[in-house]
Each structure stands twice: as structure tokens, then as C-alpha cells.
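Enquirer: I would like the atomic coordinates for the input below:
(2 chains)
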Amino acid sequence: MSNSERPSKLFRNLNAKVASIPMVLTALVVFVGGTAWTVLYSFTNSKLLPRLNFVGLDQYHRLWSTSRWLVSIENLLIYGVISLVFSLVIGFLLAALLDQKIRFEDTFRTIFLYPFALSFIVTGLVWQWLLNPDFGVQRVVRDLGWTSFSFDPLYNSSIVIYGISIAALWQGTGLIMCLMLAGLRGIDEDIWKAARVDGIPTWKTYLFVVIPMMRPVFITTLVIIAAGIVKVYDLVVAQTSGGPGIASEVPAKYVYDYMFFAQNLGQGFAASTMMLLSVIIVIVPWAYLEFGGRKHG
Amino acid sequence: MRYKFLTAAFAATVALNFAGPAAATDLEVTHWWTSGGEAAAVAELAKAFDATGNHWVDGAIAGSGGTARPIMISRITGGDPMGATQFNHGRQAEELVQAGLMRDLTDIATKGKWTEVVRPKSLLDSCTIDGKIYCVPVNIHSWQWLWLSNEAFQKAGVPLPKDWNEFVAAAPALEKAGIIPLAVGGQAWQASGAFDVLMAAVGGTDTFLKVYKDKDATFAAGPEIAKVFKAADDARKMAKNTNVQDWNQATNLVITGKAGGQIMGDWAQGEFQVAGKTAGKDYTCLPGLGLNEVIATGGDAFYFPLLKDADKAKAQEVLAETLLDPKTQVAFNLKKGSLPVRGDVDLDTANDCMKKGLAILAKGAVIPWTDQLLSQDTQKQKEDLFSEFFAKPDMTVEEAQKRFAEIIGSAD
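Expert: Predicted structure coming up:
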């Protein structure tokens, strides 16, 4: 074979490369370009309109001395841990239970997945009513006779973020369950048979055989949950608007409020840059472990 | 809401199609007046403008100013300006003007002798940037009102208070009768606004100006302001059982006698009227909380984006004149429940509370409002502070004042 006839690597599969140019450009201009622009302007004192008037780290100093931002970060951490742990645990348990070849599996799956069809705004409003002490759970229990029963998470500053997490779990767990169920179905029947022959209890099979085999599913799930955590905004707006006081504020809401209500783009950009930074801090070590260390086939 | 938006969008498309040949010029006007009384007031403006041979295309944006302003601003900065738009006069549109996106109305103002007819003068000052006039004020809305439920005080067996101090003293009796003494809704701006009212009432006009106009941080940390914070602490204790969010729900607590009173702007009066209550008999209003009878000159104004189309630019001039016309002013403000910006119009049908307001205005006891003095950024920081202060009983007065002084120190 002669070298001259062989097309260079760049022109191999040319059609596909040409076809992907728009997406590559979009990714570069919109995502990377937009991010760079935002980070750049976070060092300026832009108010209503972006202006290149650099003030160094002033916006960041102000951000980290604002109690609302600190409360937001704390809330995000609590909300993040709760949604991560509980949606994984509940999602997996539901999936494992559904996987026992039960009757009406389709019906149950539909019921559990249904909340996911609702937007966060609708979810938020539904749970705002359910958790309202005057018409929700508290009222029902009191009408049943327990008159001293008290359950008003959305009106109590110290536990409001848990009230919001309940709604988020209700909405999101169904999807996690479906992903897990798909993972469980992917496990070869022979493995179960082998485990049974060896006399390994079911729970041990799940814990030490099935879950390690489901690693890719868990990683997908983790990414989906984590993205949902960082961007949480609409749920809070619908349920509490950040109240009582500033007790249920979250970073995304801080960014929006300062960019548009307060007409202070610089401050909003600084806050969104911090959000990006926190994502990078989580993603980079994970990506390094996942893709950097060894090559997958 | 969606219907309105669609209508507006549709109307805008129609307007584009017919703008050229039609003799009457269509002008899209955006605003956030969508409640019943507000919509009726806007209809008066539209009627007056249509009578000039032009056509008012209504661009109502539902969901209050906080939602509407970002939409308006992005339309103007994004190159799709409307014919005219509402803002609260003061500093909300300041940067749009500085960026040269707004139309200079000085010529029309000189022709219409606005400097003579508009009262108080500070209204026009708020529209003026670098000696040029950029907006048309249409009404005065003041925050300085304490609305009291006569029924609640009767039930508690205490006489109606004549000022804030008596009100605070009556609070325990109200509480004993199962009444929330002071209704403050959960929205952030309500707590912040109530504090500003207390500042002007308890602290006095000079204190108010020294903090918000001169932005004196040392003074804001001092003993004068500590007195105001003491009053705010009273207010927060009196309001601790209010479990509502919106201001009109809080007003409703006063209307139904479940709450003793509310610190709220004169727009609350519309709610009393709709509920069929009479001023003096069912409810009582105390301007300046009965301590310092002043009225702040916040309110609404129309701004005109710079347009290329000559016909539309002409229609803008007509609209600007129409808005300040004495007849329009009366019709609009009676429906809106606000005070007119002209001193030479007659409001015979105004009710007791509005008349009290007009009398204070005539005396010239006016102060500029925080919308005029502070940037939106500072306003938002203040809202964050006071919504936290009102919702968190264990936040000390000293800590709140320290943070307040910091905000004032960095205010612009």
C-alpha cells in the first residue's frame, strides 16, 4: 500500500466532522465563551449593564461577607447531602423491591415515576400546601384528635431546608428508581443462580455482588443528582421564596436576585463563578479517577 | 396572565405590520399594573391617549415590578424597545439613561412648563439626570401609613392609638384578645419598607435624610438609629405570628379584625375599598405613624426609550403630554388610589385618608423615598437584612444595626 493514497487522519470521516461543527462552535462560543465572559466580568463593578471597570476581588470579598450567601451555601450542603443519600438509598430500595417479580409492577413503576412528570414549580406548590400548618398535614392530624401535633417545616427557620428536601425527594426518587431498576435488570440471571447455589443470602448478594456490578449506573445517577442539587432554584421559589427571612435561600437564587432585582451584575457573576468553582472542585478529582488513571476498553 | 402576555405579544406584531401606513400611531406601553384597581387606572390612561388619535397598545407584565423590570430592561438593552415603559422614578432606570438608551424629554417639559406644574418639585428632580428630564411622573405613592382595624381595638377593649407609641403600648391587650398586633407579610420588601417608615417616623426627617441621602455610616451606627432599631424590635415582636406572605393578605388580616394594624403604603387603601370598608368608621389611617406627618414622594413614572421611527417618536411626545394632563391625572389617580403629581387639580371625591395625604402634600411636608435615594443593589441588601431580622427572633438588635451601618457605608 502506498502512503499517498491513504487520506490523512484529519479528513477521515469528513462528513461526520463537518456535521459536528455547529455543535462544536456552540459549545465553544456559548459554554466556554459565556463562562469566560462571566468570570471576566465578575472582577468588574458592572451594575445594570456590563462594564469593563476592574475592581479586583471586591465582589468576592463582599460575597463571602454577606450572610445571605453563607446561609445559601450551608443550605446547599444540607440539601445536597440529603438528596444524594436519600434518593440513592430510597431509589435503590424501591428498585430492589420492584425487582422481586411482583404483580402489577408496571402500575407501581408508573406511580413512583409520576411525580417526575411534574415541574419543580408544581411540586413546590403542592408541597407548600401539604406542609402548610393551616390546611396540610398538621391540620389533618389535629382533626383526627392529636390537637397538640405540630408539623410546620416551612414556617420554621431552623428546619425549613428539610421541608424543601422532602418535596425534592418526592419528585426525584422515581427517576432514580427507574435507573436502578434498569441496572438491576442488566444483571445476568446466572449470577443470581450462582449466588443461590453457593447459599449466599439475598442481601449479601445485593451488597457485595450486584451493587459493585452496577457501578456505571451509579455513576450516571450520581451525575444526574449532583446536577440537580447545584441548580436548585425553582423549588425554593415555589415553596418559600427563600423564607422565612433568608432561611431557605440557595446560591442559584442569590445569583438571579442580584443580577436582575438588585441590578448588580458584578455581584451575580461573582456568585455564579463560585458555583462553577464548586462544581469543578467536585468534578475534576472524580473525572481524574474515572478517566485519567486507566484506560477503559 | 399568559393570556395577557399573548395578547400583548400579538398586539405588538400587529403594531409592527401597520405602523407605516396607518395614520394613527400605535405605541406599546409596558407596565406591571395588573390587579383589578390598577388595570382600571391604566385603562384611563389608554382612553386619554386613544382620544388623541393614536393607539395605546397595552403591554402589561404580570407579577409585580420585581418580575417586570428585568423583562423591560432586557427588551430595551436587547434592541427591541417599547414605546414607553413604567418604572418607579428614581434610580431604577438610571443606567439606561446613562447608556443613552432613553429619550431626553427636556423640550417637551419646557413647552409644558413641567417645572411649574409638577408638585412637589422633588418628583421632577428624580426624573432629571445631568440637567435633562427623562421621565414623566404620574402619581405619588407614599409608604408612611399605619392602617388600624377599629374592630380589633374594640374587641381588645383598648382605645384606638393615636400614634406608634400608643400602638406598641396596646399590643399586650391585643395579644390577650387573640389578635396579632401588627401584620407584616413574609415578602422581603415589606419588612424593609416598614423599617424605612419607622426611620422617618421615630427618627424624624433629618435622621432619615442623614442615613439614606448622606449615607453617613457612623451616624447609622449611632444612638439615634439605635432608637429606630428599638422600634423595629417592637414591630418584629408584634408581628411574630403573621403567617402570610403577600402584602394584601396581611392587609386582609387588618380588614377582618384578625390583626390590629399594618404599616403599608397607600395602595393598601384599595383593599379596604374593595372590601367595602369606610375610613374613620371601620379603619383608621395614621400618616407618618402619627409621629411625624410626612409623605414620601415615591411613585410611578413613564420613561421613553429612544426610537428611530419618527411617527412613533411623535406619538411619544403626545403620550408624555397626555400623562400630565389635569383631566388624565384626576381620572387615573382616583382609580389608582394615589395622589396626583399636579397641585392644580381638584380631587373632590377623594376619601378621608386621601384627603389627609393631600393636606400633608399641600403643607410641603415631603421627603424623597428610598427608591429615589438608594440604588437597587443597596435596596436588595437592605431587604435581605430586614427579612432576616423579622423572621429570626434570636438576631440581636445590635447585630442588625451593625450590619445596617455596613450596608449604608458601602451604599451608592
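
Enquirer: can you pull the buried residues of stretch B:310-322?
Expert: Neighbour counts over stretch B:310-322 (16 or more other Cβ atoms under 10 Å in any protein chain shown) mark B:311-313, B:315-322 as buried. All C-beta spots, glycine's among them, are computed from the backbone N, C-alpha and C.

Enquirer: just the mean pLDDT for that stretch, thanks.
Expert: When pLDDT is averaged over stretch B:310-322, the result is 90.

Enquirer: hang on, residue A:253 in a strand?
Expert: No: using DSSP: H, G, I helix; E, B strand; the rest coil, the secondary structure at residue A:253 is helix, not a strand.

Enquirer: what's the nearest residue to it if we skip its chain neighbours?
Expert: Excluding the flanking residues, the one nearest residue A:253 by Cβ to Cβ, 6 or more residues apart in numbering or on different chains is residue A:233, at 5.5 Å.

Enquirer: how near is the one you found to chain B?
Expert: 15 Å (Cβ to the nearest Cβ, to the nearest Å).

Enquirer: and for that residue, the neighbour number?
Expert: Per other Cβ atoms under 10 Å in any protein chain shown, the neighbour tally for residue A:233 reads 16.

Enquirer: same thing with residue B:281?
Expert: Number of residues near residue B:281 (other Cβ under 10 Å) recorded here: 9.

Enquirer: which element is it on?
Expert: If you go by DSSP states H and E, residue B:281 is not part of any helix or strand.

Enquirer: who's in contact with it?
Expert: By Cβ atoms under 8 Å, 6 or more residues apart in numbering or on different chains, the contact set of residue B:281 is residue B:150.

Enquirer: look up how far residue B:351 lies from it.
Expert: Note on residue B:281: its distance to residue B:351, by Cβ to Cβ, to the nearest Å, is 11 Å.

Enquirer: please apply the same query to residue A:131.
Expert: Residue A:131 is 40 Å from residue B:351, where distance means Cβ to Cβ.

Enquirer: name the residue in those two with the higher neighbour count.
Expert: residue A:131 (23 against 17).

Enquirer: ok, and the closest non-adjacent residue to that one?
Expert: Excluding its sequence neighbours, the residue lying closest to residue A:131 (Cβ to Cβ, 6+ apart) is residue A:154, at 4.8 Å.

Enquirer: give me the number of residues near that neighbour?
Expert: Number of residues near residue A:154 (other Cβ under 10 Å) recorded here: 25.

Enquirer: these two touch, right, it and residue A:239?
Expert: Yes: using Cβ atoms under 8 Å, residue A:154 makes contact with residue A:239 at a distance of 6.3 Å.

Enquirer: for these two, list the residues in contact with both.
Expert: Listed as contacting both residue A:154 and residue A:239 by Cβ under 8 Å, 6+ apart are A:128, A:131, A:163-164.

Enquirer: now intersect those with the strands, please.
Expert: Counting by DSSP state E, no part of those is found in strands.

Enquirer: for whatever residue of the stretch 151-297 of chain A ends up closest to chain B, which non-adjacent residue is spatially closest?
Expert: Residue of the stretch 151-297 of chain A nearest chain B, by Cβ to the nearest Cβ: residue A:245 (2.7 Å). Spatial nearest neighbour of residue A:245, chain neighbours left out: residue B:391 (2.7 Å); criterion: Cβ to Cβ, 6+ apart.

Enquirer: and that neighbour, how many neighbours?
Expert: Residues lying near residue B:391 (other Cβ under 10 Å) number 23.

Enquirer: for the nearest residue to residue B:121 once chain neighbours are set aside, give me phi and psi.
Expert: Closest residue to residue B:121 apart from its sequence neighbours, by Cβ to Cβ, 6+ apart: residue B:115 at 7.5 Å. Taking degrees, to the nearest 10, you get phi -60, psi -20 for the backbone angles of residue B:115.

Enquirer: list the contacts of residue 169.
Expert: Going with chain A. Applying Cβ under 8 Å, 6+ apart to residue A:169 gives the contacts A:82-83, A:86-87, A:90.

Enquirer: nope, chain B
Expert: Contact analysis of residue B:169 by Cβ under 8 Å, 6+ apart lists residue B:161.

Enquirer: okay, and it sits in which element?
Expert: In the assignment (DSSP H and E), residue B:169 maps to helix B:164-176.

Enquirer: right, and residue B:374 touches residue B:88 too?
Expert: No: counting by Cβ under 8 Å, residue B:374 stays clear of residue B:88, with 11.8 Å between them.

Enquirer: more neighbours: those two, which one.
Expert: residue B:374 (23 against 20).

Enquirer: where's residue A:68 relative to residue B:405, distance?
Expert: Separation of residue A:68 from residue B:405 (Cβ to Cβ): 17 Å.

Enquirer: just give me the neighbour total for residue 54.
Expert: Using chain A here. Neighbours of residue A:54 under the rule other Cβ under 10 Å: 11.

Enquirer: that's the wrong chain, I wanted chain B
Expert: When neighbours are defined as other Cβ under 10 Å, residue B:54 has 23 of them.

Enquirer: residue contacts, the residue nearest to residue A:245?
Expert: Counting by Cβ under 8 Å, 6+ apart, residue B:391 makes contact with A:157, A:243-247, B:186.

Enquirer: so which of those residues wins on neighbours?
Expert: Neighbour count (other Cβ under 10 Å) singles out residue A:246 as the most crowded of the contacts of residue B:391, with 27 neighbours.
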